[in-house]
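Peer 1: please find the sequence and the predicted model below.
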Amino acid sequence: MQAVKMVITGPFSAGKTVFIGAVSEIDVVSTERRISSIAEQVKETTTVAMDFGRITVDNDLVLYLFGTPGQRRFDFMWDILSQGMLGFVVMVDSTKPETFREAKRILETFESYASTPYVVAANKQDLNDAWEPEDIRIILRLKPDVKVLPCVASDKESVKQVLLELLYSILEEIDQGSTG
């Protein structure tokens, strides 16, 4: 049985916990806590350590999904969660351009941890005010080979597409490593 560790990261309230919950075959192990200062926040809880989910792809392959906290005060967990990852997803809330700079910072941080494949999931593509994935690519200044994928974190099929694209990139890199 091949186990593939994927990290799901991104800014606060980008949809990481919902994303993992949409596809996990086990109850998501979540470290959500109530937010004490709910000024203008639409969210009542936040992840403080990690979320964990699992998907069995087939008899030979299982994906372990580790969701990171999105708030900077918990970013010490990022390095810990990135250890052993074979790829990562950067979740971006397509309706909140004010979070794009933070998404870029998180992406660069994870790139510095390990040279692994990653994709950007442009979440909330079902909403009218969502930025197009190509516009998000431009604003994040991503290389042409980085996949920016439309996503709706609550939709199982949408999440599966994002994870499959990342998995294909991981398997391609493994194949190149064994033949190179």
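Peer 2: Okay, I see it. Residues are numbered from 1 along each chain as shown.
Peer 1: distance from stretch 11-28 to the middle of the chain?
Peer 2: In terms of C-alpha atoms, centre = their mean, to the nearest Å, the centre of stretch 11-28 is found 9 Å from the chain centre.
Peer 1: and the end-to-end length of that stretch?
Peer 2: Taking C-alpha to C-alpha, to the nearest Å, stretch 11-28 runs 19 Å from one end to the other.
Peer 1: before we move on, what about stretch 77-97?
Peer 2: End to end - C-alpha to C-alpha - stretch 77-97 spans 25 Å.
Peer 1: flag every buried residue along it.
Peer 2: Within stretch 77-97, the residues that qualify as buried are 77-78, 81-82, 85-94, 96, counting by 16 or more other C-beta atoms under 10 Å. (Each C-beta comes from the backbone N, C-alpha and C, glycine too.)
Peer 1: pull the most distant pair out of the residues you listed.
Peer 2: Farthest-apart pair in the buried residues of stretch 77-97 is L86 and K96; separation 28.6 Å (C-beta to C-beta).
Peer 1: send the alpha carbons of the longest helix along the chain over as PDB?
Peer 2: Longest helix in the chain, counting residues (DSSP state H): helix 156-179. Only the C-alpha atoms of helix 156-179 are listed here, as PDB (Å, rounded to 0.1, in the frame of the first residue of the first chain):
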ATOM      1  CA  LYS A 156     -16.800  16.300  -3.600                       C
ATOM      2  CA  GLU A 157     -16.200  16.000  -7.400                       C
ATOM      3  CA  SER A 158     -14.600  19.400  -7.500                       C
ATOM      4  CA  VAL A 159     -12.200  18.500  -4.700                       C
ATOM      5  CA  LYS A 160     -11.500  15.200  -6.300                       C
ATOM      6  CA  GLN A 161     -10.400  16.900  -9.500                       C
ATOM      7  CA  VAL A 162      -8.000  19.200  -7.600                       C
ATOM      8  CA  LEU A 163      -6.500  16.200  -5.700                       C
ATOM      9  CA  LEU A 164      -6.200  14.100  -8.900                       C
ATOM     10  CA  GLU A 165      -4.300  16.900 -10.700                       C
ATOM     11  CA  LEU A 166      -1.900  17.100  -7.700                       C
ATOM     12  CA  LEU A 167      -1.600  13.300  -7.600                       C
ATOM     13  CA  TYR A 168      -0.800  13.100 -11.300                       C
ATOM     14  CA  SER A 169       2.000  15.700 -10.800                       C
ATOM     15  CA  ILE A 170       3.300  13.700  -7.800                       C
ATOM     16  CA  LEU A 171       3.300  10.400  -9.700                       C
ATOM     17  CA  GLU A 172       5.000  12.100 -12.700                       C
ATOM     18  CA  GLU A 173       7.700  13.400 -10.500                       C
ATOM     19  CA  ILE A 174       8.200   9.900  -8.900                       C
ATOM     20  CA  ASP A 175       8.400   8.300 -12.300                       C
ATOM     21  CA  GLN A 176      11.000  10.900 -13.500                       C
ATOM     22  CA  GLY A 177      13.000  10.300 -10.300                       C
ATOM     23  CA  SER A 178      13.100   6.500 -10.900                       C
ATOM     24  CA  THR A 179      14.000   6.800 -14.600                       C
END
